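>>> Sharing a model prediction with you, sequence too.
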Amino acid sequence: MGRKPADVLTRREAEVMDAVWALGAATAEQVRGAVSAELHDSTIRTLLRTLESKGFLRHESRGKAFVYTAAVPREKVQRSVLWNLVSRFFGGSAHDLVVRLIEDEKITPAELELLRQRALDAATNPPKRTRRSPKRAGD
């Protein structure tokens, strides 16, 4: 098993991860075609190796090419980065983060109402957890 992914992605690393998540599986050339910046092939390959060493990507060899896939789902990375941000800059208070977004007019009253409704729905209808069956011999 690989090491636990680091919490922090640089802007360029996040862009590469977005490309891999969108493509599902990608070679360095496919990632380079998917990112918005004009990056050299060597830069893309370095970013891919860095992301793999941080635990965000894995690869397999297909002929001469490495094909990269995400080792961590987007939602898990979003959650980790968000809580890192809340911990570092908002004293662990999600409330303070939301207040900042409202004060800076990044959340409209309509969006705030939608968030409130979703929170109420989630509180009254928690997601059902399913238990996985243990793997049996031969599975």
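Yep, it's here.
>>> element containing residue 60?
strand 57-62 (DSSP states H and E).
>>> what about that strand, average pLDDT?
Strand 57-62 shows a mean pLDDT of 96.
>>> Does anything pack onto it? Which helices or strands?
Under the contact criterion of 3 or more CB pairs under 8 Å, 6 or more residues apart in numbering; DSSP states H and E, strand 57-62 touches helix 41-53, strand 65-70. For glycine as for every other residue, the C-beta is placed from the backbone atoms N, C-alpha and C.
>>> List just the one of these that sits closest to residue 83.
strand 65-70 (19.4 Å; CB to CB).
>>> Number of residues surrounding residue 76?
Number of residues near residue 76 (other CB atoms under 10 Å) recorded here: 12.
>>> Contacts only, for residue 101.
Applying CB atoms under 8 Å, 6 or more residues apart in numbering to residue 101 gives the contacts residue 107.
>>> And it, how close does it get to residue 87?
17 Å (CB to CB, to the nearest Å).
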